[in-house]
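A.B. asks: Fold the following and give me the result.
(chains A, B, C and D)
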2 protein chains.
Amino acid sequence: MNHGIAIGKVSEASGVKVPTIRYYEQIGLLPAPPRTDGGRRTYDGKDTERLTFIRHSRELGFDIDEIKTLLELQDSPDQSCEQADGIAKAHLVEVRKKIASLTALQHELERMVEGCSHGRVETCRVIEILADHGKCRYHGET
Amino acid sequence: MNHGIAIGKVSEASGVKVPTIRYYEQIGLLPAPPRTDGGRRTYDGKDTERLTFIRHSRELGFDIDEIKTLLELQDSPDQSCEQADGIAKAHLVEVRKKIASLTALQHELERMVEGCSHGRVETCRVIEILADHGKCRYHGET
DNA sequence: GCTTGCTCCTATAGCGGCTAGAGCATGTAG
DNA sequence: CTACATGCTCTAGCCGCTATAGGAGCAAGC
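C.D. replies: The predicted structure follows:
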């Protein structure tokens, strides 16, 4: 009888790399699964789902702590989804901020690159703007 | 006679924190300055400029290796600025990619949040999409 | 001179989220 | 039975800092 999915299979099915799965177990994001007599981890379908949830959440930029909360919420379906909503909304705000900041950064880089004389470093717009903060229009965060 | 600027002053002038300055020295981004008899670092105007250059470059998202190259270029003004140009251009490409990815992410998050019934977790769109990758339209990187 | 209190010093460890490598044990196909 | 893939643990490394501990230096006021 072959009960339980090996870590490699669960990795393939979920898209989470093997060492990352072990890391998630270590930090308590994924429960420690039962082991075979030989000491190998054996997973089931629930674990695969959980890992897929985690991977997807990470792709969407949620950090581990947020994912922990989201997973706990998923486990109690009768609770209000206010908290999940809140996490997503807060994250959306952060993403919008980052886009705004990166867009300003993009414009500044364009200005640098376009203004470049393609000559000697002495007259290079790129170096010039980096050296003199006053010549730069970007004052945000990356 | 008080020759040399103390690390605190250079920090204030450049906007780079004191431990970060020491860190930059450690990794060879900033040359080790002379010391007082008591063993304190003494900087000059050039160092302040260099640190400002570094800070500004970091704000624009360049990594330490790129900054090393840019600083070397700045020190040899007669060279062609092709390389500086290249670094800036490559970085611009990365920034544009990131913006595109974050914009897709933003839309997906909006869809999640807007679709939320604000009821129980069981019917929560946020949790639902995270659990089922197929329901998500975002398939990029953050 | 002496004390107060600020700045500075080194050295080490930690952050997040993994990833890589060493050196073994186990499971499986031919 | 043997080869080889896959698994195991443990440790260290990545980036760019930041924080903490435990001291030493130095200027100003008394």
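
A.B. asks: Show me the shaky parts of chain A.
C.D. replies: A:1-3, A:141-142 (pLDDT under 70).

A.B. asks: can you do 80?
C.D. replies: For chain A, the stretches with pLDDT under 80 are A:1-3, A:117, A:133-134, A:137, A:139-142.

A.B. asks: Point out the residues in it that sit beside DNA strand C.
C.D. replies: Residues of chain A lying close to DNA strand C by Cβ under 7 Å from any atom of the strand are A:2, A:17, A:19-20, A:23, A:36-40, A:58, A:63-65. Yep, even glycine has a C-beta here, placed from its N, CA and C like the rest.

A.B. asks: What is the nearest of these to B:Leu30?
C.D. replies: A:Asp63 (31.8 Å; Cβ to Cβ).

A.B. asks: got the contact list for that closest one?
C.D. replies: Contacts for A:Asp63 (Cβ atoms under 8 Å, 6 or more residues apart in numbering or on different chains) come out as none.

A.B. asks: For stretch A:96-109, list every residue counted as buried.
C.D. replies: A:Lys98, A:Ile99, A:Ser101, A:Leu102, A:Thr103, A:Leu105, A:Gln106, A:Glu108, A:Leu109 (16 or more other Cβ atoms under 10 Å in any protein chain shown).

A.B. asks: Show me what that stretch is in contact with.
C.D. replies: By Cβ under 8 Å, 6+ apart, stretch A:96-109 touches A:129, A:136-138, A:140-142, B:60-61, B:88, B:91-92, B:95-96, B:98-99, B:102-103, B:106.

A.B. asks: Which secondary structure state does the residue of chain A found nearest DNA strand D sit in?
C.D. replies: Residue nearest to DNA strand D within chain A: A:Gly8 (2.4 Å; Cβ to the nearest atom of the strand). State at A:Gly8, reduced to three classes by DSSP: H, G, I helix; E, B strand; the rest coil: helix.

A.B. asks: For A:Arg22, see how far away it is.
C.D. replies: 12 Å (Cβ to Cβ, to the nearest Å).

A.B. asks: now do A:Gly28
C.D. replies: 12 Å.

A.B. asks: Kindly report the same for A:Thr123.
C.D. replies: Following Cβ to Cβ, the distance that separates A:Thr123 from A:Arg22 is 54 Å.

A.B. asks: Burial check on the residue of chain A found nearest DNA strand C, number of neighbours?
C.D. replies: As assessed by Cβ to the nearest atom of the strand, DNA strand C sits closest to A:Gly38 within chain A, at 2.1 Å. Using other Cβ atoms under 10 Å in any protein chain shown, A:Gly38 has 5 other residues around it.
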